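Trainee: make a model of this:
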Amino acid sequence: MKMKLVSMFAIALLYVGVAQAETVRMMSFNMWGQNCAQQIQSSGADIIGVQEAGDEVFFDQIADQLGFYRDYGTYTLSRWPITAVQGYGFGNAVTIRTPTGQTVYMFNIHATAYPYPPYALPDMKLALRQESQTQWPSTRTVLSNMASYIATGKPVFLTGDFNCPSHLDYSNVAWKCSTECANSGLTDSYWHVNGPPGGHLWPSDWLYNDSGITWTPMPEREPYGKFDRIDFVYYAGTGVNAIASSTSNNGPSDHRPVLSTFTIPDGPSTTSTLTTDKSTYASGESIIATYGNGPGNVTDWIGIYASGNTPGGSNSLCWCYLSGTQTPPSTGEIDGNVTFKRKAAPVWPLPAGNYEVYFLCCDSYDILAGPVAITVN
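Mentor: As a prediction, this is how the structure comes out:
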């Protein structure tokens, strides 16, 4: 809404997020290089850990079709802002801010496929040795990386194509990857809600269309008839509960995606503030913007827009991160101020006119506070 210009020494406008019960829909999806945007959209998934999504251009096309935030390095898609990424590649933490301001940590994995351990059965020693040598190393790395995040008690999720089964689905086969996930404090969402695929444990083999089976909906793709559950959505966190989990048959991939629905604790009621030191400035005079109760992301920023223009709809005339420069700070800031002055970019000094100042989230156009109206004479 366009704000009426008012004259006061300091103007503070608040963005208030009302705490509410929150539902999160997590998906793990090996897309087999296919464009599965329509399938994702119809599922209602909020956060998706993707495997086999092609190159960055193709991945971006899918994200654009969905209108989702994305991180190519971890193959993560999100309906909500991605506020931080630990590093490039599978197994790195992706931090996501939900609508209530809750922090969610997301991890994704795609383990090596071959040798595929179930093919060695009934030789259990050989099957477990193959898993330890092939799928376990990448799983061990991500679990080690997750440990400090799990310890926070915040909602933590691990999606992935593990290319090995779960010990929960087998009688007397202690598959290492799933066992160590459980030992790390993670819960298998599908099992928690539904129990074993097809309603029974191995050694009775499953059919390709049994409930819960993710490999594979295309029986012609499985030469040895070893249909199994190898795609997972794991979770941890205080007050995080899996309330539904299912697999889907529609789509062009040779894997069925897993979609799990969770309730998570409400995020904090977020009231971010923004003020300016004056309401009227001379051309070229420094403008001090003071922010408060921010979410603390390293890429939160302040932007100055021509009056009537909105973030995302028009370019800012002048902007900076909370470092006061166009280089993010090394750590996130919650309270502080920035000064727009000589050498501010991209436009300085601001020409005479009316302007609006915004406090914005995490390299996005999500408004935390503002607009604060100012005039330059």
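Trainee: ok, and the closest non-adjacent residue to Val94?
Mentor: Met106 (4.3 Å; C-beta to C-beta, 6 or more residues apart in numbering). C-beta: built from backbone N, CA, C; applies to glycine.
Trainee: look at Tyr208 and tell me its secondary structure.
Mentor: Secondary structure, DSSP: H, G, I helix; E, B strand; the rest coil: Tyr208 is coil.
Trainee: give me the buried positions along stretch 257-266.
Mentor: Pro257, Val258, Leu259, Ser260, Thr261, Phe262, Ile264, Pro265, Asp266 (16 or more other C-beta atoms under 10 Å).
Trainee: is it correct that Gln65 is in contact with Ala37?
Mentor: Yes. Counting by C-beta atoms under 8 Å, Gln65 touches Ala37, with 4.1 Å between them.
Trainee: out of the two, which sits in the more crowded spot?
Mentor: Neighbour count, other C-beta atoms under 10 Å: between Gln65 and Ala37, Ala37 has more, with 17 against 13.
Trainee: follow-up on the earlier one: what is the nearest of the buried residues of stretch 257-266 to Ala45?
Mentor: Ranked by distance to Ala45 (C-beta to C-beta), the buried residues of stretch 257-266 are led by Leu259 at 6.0 Å.
Trainee: tell me the secondary structure at the closest one.
Mentor: Reduced to three states by three-state DSSP, Leu259 is strand.
Trainee: residue contacts, it?
Mentor: Contacts for Leu259 were tallied using C-beta atoms under 8 Å, 6 or more residues apart in numbering; they are Arg25, Met26, Met27, Ser43, Ala45, Val233, Ser245, Ser246, Thr247, Ser248.
Trainee: any idea which element Ala373 lies in?
Mentor: With elements taken from DSSP states H and E, the one containing Ala373 is strand 366-376.
Trainee: in its sheet, which strands sit next to that strand, and in what direction?
Mentor: The strands beside strand 366-376 in its sheet (DSSP bridges) come out as strand 280-281 (parallel), strand 353-361 (antiparallel).
Trainee: run a quick neighbour tally on the residue nearest to Val94.
Mentor: Around Met106 there are 26 residues (other C-beta under 10 Å).
Trainee: who does the helix or strand harbouring it touch, helix- and strand-wise?
Mentor: Met106 is part of strand 103-110 when elements are defined by DSSP H and E. Contact partners of strand 103-110 among helices and strands, from 3 or more C-beta pairs under 8 Å, 6 or more residues apart in numbering; DSSP states H and E: strand 22-30, strand 47-51, strand 76-78, strand 94-97, helix 136-150, strand 156-161.
Trainee: now the fifth one, how far from the centre of its chain.
Mentor: Using C-alpha atoms, centre = their mean, to the nearest Å, the mean C-alpha position of helix 136-150 is found 17 Å from that of the whole chain.
Trainee: thinking again about what came up before, closest to Asp277 out of the helices and strands packed on strand 103-110?
Mentor: strand 94-97 (28.7 Å).
Trainee: contact partners of that closest one?
Mentor: 47, 71, 74, 76, 78, 80-86, 103-108, 267, 295, 297, 361-362.
Trainee: try 6 Å this time
Mentor: Asp71, Thr74, Thr76, Ser78, Trp80, Pro81, Ile82, Thr83, Ala84, Val85, Val104, Met106 (C-beta atoms under 6 Å, 6 or more residues apart in numbering).
Trainee: how near is Pro329 to Ser42?
Mentor: 40 Å (C-beta to C-beta, to the nearest Å).
Trainee: so for these two, which sits in the more crowded spot?
Mentor: Taking other C-beta under 10 Å, Pro329 and Ser42 do not tie; Pro329 has more neighbours (15 against 11).
Trainee: which one is the more buried one nearest to, not counting chain neighbours?
Mentor: For Pro329, ignoring the flanking residues on the chain, the nearest one in space by C-beta to C-beta, 6+ apart is Ser323 at 4.1 Å.
Trainee: for the one you found, give me the pLDDT.
Mentor: Ser323 is assigned 94 on the pLDDT scale.
Trainee: same check on the one 4 residues further on?
Mentor: pLDDT recorded at Thr327 is 93.
Trainee: for Ser171, same thing?
Mentor: Turning to Ser171, the model gives it a pLDDT of 93.
Trainee: 519 is where my numbering starts, stick with that
Mentor: In the new count, where the first residue is 519, that last one comes out as Ser689.
Trainee: ok, now how distant is it from Leu719?
Mentor: From Ser689 to Leu719 the distance is 5 Å (C-beta to C-beta).
Trainee: who has more neighbours, those two?
Mentor: Shown here are Ser689 and Leu719; by other C-beta under 10 Å, Leu719 has more neighbours (16 against 11).
Trainee: how near is the more buried one to Ser684?
Mentor: Leu719 is 10 Å from Ser684, by C-beta to C-beta.
Trainee: who does the residue nearest to Val612 form a beta bridge with?
Mentor: In this entry, Met624 is beta-bridged to Val612, Phe675, by DSSP bridges.
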